[in-house]
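1. One predicted model, sequence on top.
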There are 2 protein chains.
Amino acid sequence: MKPVIPSDPTSVPVQTEAVDAGREEPSLHGEILARLRDYIVEGNIPDGGRVPERQLCSMFGISRTPLREALKVLASEGLVDLLPNRGARVRQLSERELGELFDVMGGLESLAGRLACENITDEEIAEIERLHYEMYGFYLHRDMHGYFRINQLIHQKIVEASRNATLLATYGNFAGRIRRIRYSANFARKRERWGEAMREHEMILEALRRRAGSELSDILFHHLRNKRTAAIEHLSEADAALSSPVPA
Amino acid sequence: MKPVIPSDPTSVPVQTEAVDAGREEPSLHGEILARLRDYIVEGNIPDGGRVPERQLCSMFGISRTPLREALKVLASEGLVDLLPNRGARVRQLSERELGELFDVMGGLESLAGRLACENITDEEIAEIERLHYEMYGFYLHRDMHGYFRINQLIHQKIVEASRNATLLATYGNFAGRIRRIRYSANFARKRERWGEAMREHEMILEALRRRAGSELSDILFHHLRNKRTAAIEHLSEADAALSSPVPA
DNA sequence: ATGGTCCATATTGCATTCAATTCTTTCGGG
DNA sequence: CCCGAAAGAATTGAATGCAATATGGACCAT
């Protein structure tokens, strides 16, 4: 008889099944998917550029199968286009699609704001207030980088306060698709837009304090609408400058 | 010589590449993906049931590779869960997740209504009016099946009128995830809810006529909220009846 | 009889392989 | 000198193969 003692108490088999909050994927495929997504979102491949299967395989040290699986997923997420027999290209957003994305983001944030008003705690509001004033500081100092960082954080916090994991995941998805666009330089020429955005954020905070769902919903949508307009104007100008580098 | 006349004006070669509205995927993988998704959405596999790779392979007459790719995509869409080394299971929605889904749907429809007010044509409104009264007829005759069919069509038309292909695609995605739940029998016990829903639809139509975006947005959200409540109550009752078939 | 261990089977994850399509280069003609 | 065609190289899409892990059942000990 060999009283096979169950290894030892410290290596208790963790219950990876009953996790319902956020399902984990410790598989190779999952890791590759995340890494490839980051790689693309971070802009390592130019807009419309090919996604070199073979090269990425050796880069990640894997075979083509898991990479191709990841590509299919990224295609369904809208990050890349899959041209039959011609490989994957990082999807370049037309002006129209960019506008559509911003509107959907607006809808999601609008929803998030409404739900947040139902569920947010006083502590979370206090935290957002803190961030708000921090952001205001960056605004006063004209620190665009700091401003945007906190700005994203505030929006993120609101979505988290909605207590809706599905919404959070969807929001993250679309945020990734937009993040490829560098709209950080938006306020470079449009100072007044920056002030406007700051005022909108005042309204957001104020509505959140009152937990006025419908109002916050409206404010957030229009906030994103304005963001959209600014982003598209910025993009158009950039395009125009590119197509005619030396205007007469 | 053969004066290759450009066929004829009716069969102009369609540009399948420059299509930005809805990109096509004529590949085998794309077809399998669509077929498998339908297969699951239509409920051919029980909730939480295994998705038999090999069996489906022979069923579709393909090898495992494209099927596995499709499964990865369906997992990212939230239709199935991928357990490492243990295969795919059709995702069973907890009550909480179902509620989350309904809320997100509410957010999307809310957005769609707002955008629709900006873009809808008089003809489209007239079409929705027609559908509305047709649905009202089904309501009067207590024809639930007909009612639900037109109901879905109206919501679909509103989303289409938003002129936002991204939103339309996302909406379809979530609709598929919910469609597995049979909530057709919702009004069976709750007649008053049916009347309430009908009144909400009156308000929807009325706001749409006036193109009152914010209002319609609000109405649609609350409409979906009520749908959500009804669906979850229905589900809970069904569960309760299942766990204690013979109440004392 | 019950609980646990061990082994055979089945299934999964990934790598490799092969056919098919596309891209590139080179050659010939105008 | 430029353009077009054709062959070769490279890349993609899908099938198959193999190692690793999970599943199911028989067997043994208590």
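-> Yep, that arrived.
2. burial count for the closest residue to residue A:165 other than its chain neighbours?
-> Distances taken as C-beta to C-beta, 6 or more residues apart in numbering or on different chains place residue B:100 nearest to residue A:165, at 6.4 Å, with adjacent residues excluded. Bear in mind the C-beta positions are built from the backbone N, C-alpha and C, glycine included. Residues lying near residue B:100 (other C-beta atoms under 10 Å in any protein chain shown) number 23.
3. now the helix or strand harbouring residue B:100: how far from the chain's centre is it?
-> Assigned by DSSP states H and E, residue B:100 belongs to helix B:95-119. Relative to its chain's centre, helix B:95-119 lies at 11 Å (C-alpha atoms, centre = their mean, to the nearest Å).
4. Which positions within whatever helix or strand comes next after that helix qualify as buried?
-> For helix B:95-119, the following helix or strand on the C-terminal side (DSSP H and E) is helix B:122-140. Neighbour counts over helix B:122-140 (16 or more other C-beta atoms under 10 Å in any protein chain shown) mark B:124, B:125, B:127, B:128, B:131, B:132, B:134, B:135, B:138, B:139 as buried.
5. Pick the one among those residues closest to DNA strand C.
-> residue B:124 (38.5 Å; C-beta to the nearest atom of the strand).
6. Read off the pLDDT value for that closest one.
-> You'll see residue B:124 listed with a pLDDT of 98.
7. thinking again about what came up before, and the buried residues of helix B:122-140 near DNA strand C, which?
-> The subset of the buried residues of helix B:122-140 within reach of DNA strand C, by C-beta under 7 Å from any atom of the strand, is empty.
8. give the contact list for residue A:147.
-> Contacts for residue A:147 (C-beta atoms under 8 Å, 6 or more residues apart in numbering or on different chains) come out as A:135, A:138, A:139.
9. roughly how far apart are the residue nearest to residue A:165 and residue B:152?
-> 20 Å (C-beta to C-beta, to the nearest Å).
10. Then residue A:117?
-> Residue A:117 sits 29 Å away from residue B:152, taking C-beta to C-beta as the criterion.
11. of those two, who's got more company?
-> Using other C-beta under 10 Å, the more surrounded residue of residue A:117 and residue B:152 is residue A:117, with 22 against 12.
12. how close does the more buried one get to DNA strand C?
-> Per C-beta to the nearest atom of the strand, to the nearest Å, residue A:117 is found 41 Å from DNA strand C.
13. what does residue A:158 give?
-> Taken as C-beta to the nearest atom of the strand, the span from residue A:158 to DNA strand C is 35 Å.
14. So which bits of the helix or strand containing that residue are buried?
-> Element membership for residue A:158 (DSSP H and E) is helix A:144-161. Within helix A:144-161, the residues scored as buried using 16+ other C-beta under 10 Å are A:144, A:147-148, A:150-151, A:154-161.
15. then that helix to PDB, C-alphas only?
-> Written as PDB, here are the backbone C-alpha positions of helix A:144-161 (Å, rounded to 0.1, in the frame of the first residue of the first chain):
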ATOM      1  CA  MET A 144      -2.200  67.900 -22.200                       C
ATOM      2  CA  HIS A 145      -0.600  64.500 -21.600                       C
ATOM      3  CA  GLY A 146      -1.500  64.600 -17.900                       C
ATOM      4  CA  TYR A 147      -4.900  65.900 -18.700                       C
ATOM      5  CA  PHE A 148      -5.700  63.000 -21.100                       C
ATOM      6  CA  ARG A 149      -4.400  60.400 -18.800                       C
ATOM      7  CA  ILE A 150      -6.700  61.500 -16.000                       C
ATOM      8  CA  ASN A 151      -9.500  62.100 -18.400                       C
ATOM      9  CA  GLN A 152      -9.400  58.500 -19.600                       C
ATOM     10  CA  LEU A 153      -9.300  57.400 -16.000                       C
ATOM     11  CA  ILE A 154     -12.400  59.300 -15.100                       C
ATOM     12  CA  HIS A 155     -14.400  57.900 -17.900                       C
ATOM     13  CA  GLN A 156     -13.100  54.500 -17.000                       C
ATOM     14  CA  LYS A 157     -14.200  54.900 -13.400                       C
ATOM     15  CA  ILE A 158     -17.700  55.900 -14.500                       C
ATOM     16  CA  VAL A 159     -18.000  52.800 -16.600                       C
ATOM     17  CA  GLU A 160     -16.700  50.700 -13.800                       C
ATOM     18  CA  ALA A 161     -19.300  52.300 -11.500                       C
END
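16. to the chain's geometric centre, what's the distance from that helix?
-> On C-alpha atoms, centre = their mean, the centre of helix A:144-161 falls 11 Å from the chain's centre.
17. quick one, what contacts the residue nearest to residue A:165?
-> A:164, A:165, A:166, A:167.
18. pLDDT averaged over the lengthiest helix in chain A, what's the number?
-> For chain A, the helix with the greatest residue count under DSSP state H is helix A:213-243. For helix A:213-243, mean pLDDT is 84.
19. Count the residues that sit near residue A:46.
-> 10.
20. list the contacts for the closest residue to DNA strand C within chain A?
-> Nearest residue of chain A to DNA strand C (C-beta to the nearest atom of the strand) works out as residue A:28 at 2.4 Å. Residues counted as contacts of residue A:28 (C-beta under 8 Å, 6+ apart) are A:62, A:66.
21. now the strand or helix carrying residue A:68 against helix B:64-77, angle please.
-> In the assignment (DSSP H and E), residue A:68 maps to helix A:64-77. If you take axes from the mean of the first three to the mean of the last three C-alpha atoms, to 10 degrees, helix A:64-77 sits at 40 degrees to helix B:64-77.
22. buried ones in helix A:64-77?
-> Going by neighbour count (16+ other C-beta under 10 Å), the buried part of helix A:64-77 is A:66, A:67, A:68, A:69, A:70, A:71, A:72, A:73, A:74, A:75, A:76, A:77.
23. and DNA strand C, which of these reach it?
-> Taking C-beta under 7 Å from any atom of the strand as the test, DNA strand C is in contact with residue A:66 out of the buried residues of helix A:64-77.
24. quick check, nearest of the buried residues of helix A:64-77 to residue A:59?
-> Closest to residue A:59 out of the buried residues of helix A:64-77 is residue A:67 (9.6 Å), distances taken as C-beta to C-beta.
25. I'd like to know how far the residue nearest the centre of chain A sits from residue A:159.
-> For chain A, the residue sitting closest to the mean C-alpha position, by C-alpha atoms, centre = their mean, is residue A:175 at 2.3 Å. Taking C-beta to C-beta as the measure, residue A:175 falls 9 Å from residue A:159.
26. domain parsing for chain A?
-> Domain segmentation of chain A under automatic domain parsing yields A:26-90, A:95-243.
27. in the host helix or strand of residue A:34, what's buried?
-> Secondary structure from DSSP H and E places residue A:34 in helix A:28-41. Using 16+ other C-beta under 10 Å as the test for burial, helix A:28-41 gives A:28, A:29, A:30, A:32, A:33, A:36, A:37, A:40, A:41.
28. Could you export the buried residues of helix A:144-161 as a markdown table, including pLDDT and distance to residue A:105?
-> Formatted as a markdown table, the buried residues of helix A:144-161 follow (pLDDT from 0 to 100; distance: C-beta to C-beta, whole Å):
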| residue | pLDDT | distance to residue A:105 |
| --- | --- | --- |
| A:144 | 90 | 20 |
| A:147 | 94 | 18 |
| A:148 | 92 | 15 |
| A:150 | 97 | 18 |
| A:151 | 96 | 13 |
| A:154 | 98 | 14 |
| A:155 | 98 | 9 |
| A:156 | 98 | 12 |
| A:157 | 98 | 16 |
| A:158 | 98 | 12 |
| A:159 | 98 | 10 |
| A:160 | 98 | 16 |
| A:161 | 98 | 17 |
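29. Beta-bridge partners for the residue lying closest to residue A:45 once chain neighbours are set aside, please?
-> The shortest distance from residue A:45 to any non-neighbouring residue, by C-beta to C-beta, 6+ apart, is to residue A:90 (5.0 Å). Residue A:90 has these beta-bridge partners by DSSP bridges: residue A:80.
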